[in-house]
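Undergrad: Just need the structure, nothing else, for what follows:
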Amino acid sequence: MVDNLTPDQRRRTMQAVQGKNTSLERKVSSAFHRLGWRYRRNYKLLPGKSDFVFTKARVVVFVDGDFWHGWRYPQWKHKLSDFWRAKIERNRARDRRNFALLRRRGWAVLRLWGHDVEKNLDASIERVRVLLERARAAEEQS
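TA: Below is the predicted model of the structure:
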């Protein structure tokens, strides 16, 4: 179990975790590409290094792993050591900050959870399509 590792072993374990171009992101990217959608990947000019950014529509999409970003976290946080609880709580706080910053800057933000992408990729892509259509319709009205 990871909780039994030394701090140095823990650090190396976390460094080995892939932060971008994950299998989930590649699935979503392939689906976007098949639809002919134009987007930017890991856009560093916005808070949170968004996974996908549709600049003209001002839409940001994050594809988040369930564990690292704490999907239904309150239900299982009691099972974690102090180290992992603190790590995930920092991630969740950062996610909330970035969401608020993006919204204040006028961006629509969508979070796709890993389990949703794995279970039903088409439904996840449909959520993005609906948001893109809303954003484009709002742009045309202004």
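Undergrad: how about the strands of this structure, start to end?
TA: 40-43, 50-54, 59-64, 108-113 (DSSP state E).
Undergrad: mean pLDDT for those: which is lowest?
TA: Sorting those by mean pLDDT places strand 40-43 lowest, at a mean of 90.
Undergrad: picking that back up, so which of the strands of the chain gets nearest Gly70?
TA: In terms of Cβ to Cβ, the element of the strands of the chain nearest to Gly70 is strand 59-64, at 8.9 Å. (Each C-beta comes from the backbone N, C-alpha and C, glycine too.)
Undergrad: strands paired with the closest one, and their directions?
TA: Here strand 59-64 is paired, per DSSP bridges, with strand 50-54 (antiparallel), strand 108-113 (parallel).
Undergrad: picking up where we left off before, same list (the strands of the chain) but as CSV, adding mean neighbour count and distance to Glu133.
TA: As requested, the strands of the chain are arranged in CSV below (neighbours: other Cβ atoms under 10 Å; distance: least, Cβ to Cβ, whole Å):
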stretch, mean neighbour count, distance to Glu133
strand 40-43, 14, 19
strand 50-54, 23, 11
strand 59-64, 22, 10
strand 108-113, 18, 11
